[in-house]
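[1] compute the structure for the input listed below.
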Amino acid sequence: MSADEILLQLQSRLARLESEQAIRACMNRYMVLCDQLGIDSPLDELVDLFAADAIWEGVGDKYAGTFGRLSGQPAIRQMFAKYLVEPAHFALNVHFLASELIRLVTEDTATGSWVMLQTSTFSSGDSHLNAARLTVDFRCAAGVWRMTHFRTENLFSRPVDHWNATALLPVPK
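    This next block holds a predicted model:
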């Protein structure tokens, strides 16, 4: 292999790694913003994580009916705007992502999948534990990766009594 071929190969690999990192950063920012949904949330920033023609949808028995399918930034904005109320819908909301797989389809399109665990306490005081499989398509335009199709499918969901207890953690003696 010539030096030019090696250089091209390294440039290609670096571009792929940089794209994967930018996609990971997009998902991270999305989750951080969703964790903090409330009256002062930066709705423009949240919506800007999506392409203008993006789709956000719940899939499967539980989430298709709950969330439906939203097409385009205006519809996605309208859905998230419902959470920007006082008092906030969530008193506590934390998303955990695991089992990440990001695959570049072309140099400017990609798909990613994650398993998400969401712990929530609502302003009502009720708490809930949800797990979902996220499948998200991305597109890069003008050097910025944005979501083009966000799919969330419930894996399990259950109410919980409370998240924090004063009891000591059980440890071996």
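[2] quick check, pLDDT for A165.
    If you check A165, the pLDDT there is 72.
[3] buried set for the helix or strand hosting L17?
    Using DSSP states H and E, L17 maps to helix 3-35. When burial is assessed from 16 or more other Cβ atoms under 10 Å, helix 3-35 yields the following buried residues: 19-20, 22-24, 26-27, 30-31, 33-34. Quick note: C-beta positions are derived from backbone N, CA and C, even for glycine.
[4] same list (those residues) but as TSV, adding distance to W145 and pLDDT.
    Compiled in TSV, the buried residues of helix 3-35 are given as follows (distance: Cβ to Cβ, whole Å; pLDDT from 0 to 100):
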residue	distance to W145	pLDDT
S19	7	97
E20	9	97
A22	5	98
I23	5	98
R24	9	98
C26	5	98
M27	10	98
Y30	11	98
M31	15	98
L33	16	98
C34	18	97
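[5] list just the nearest of these to R133.
    Using Cβ to Cβ, M27 is the member of those that sits closest to R133, with 13.7 Å.
[6] am I right that that closest one is in contact with A110?
    No. Taking Cβ atoms under 8 Å as the definition, M27 is not a contact partner of A110, at 11.2 Å.
[7] a strand runs through S41, doesn't it?
    No. Assigned with DSSP: H, G, I helix; E, B strand; the rest coil, S41 falls outside any strand and is coil.
[8] just the buried residues of helix 3-35 now: which is nearest T66?
    Among those, and counting by Cβ to Cβ, the member closest to T66 is C34, at 15.4 Å.
[9] any idea how far M27 is from that closest one?
    C34 sits at a distance of 10 Å from M27 (criterion: Cβ to Cβ, to the nearest Å).
[10] rewinding a little: which residues touch the helix or strand that the helix holding L17 is followed by?
    Going down the chain from helix 3-35, the next helix or strand is helix 43-47, by DSSP H and E. Under the criterion Cβ atoms under 8 Å, 6 or more residues apart in numbering, residues 29-30, 33-34, 73, 76-77, 80-81, 84 lie in contact with helix 43-47.
[11] of all those residues, which two lie farthest apart?
    Most distant of those, by Cβ to Cβ, are R29 and A81, 18.2 Å apart.
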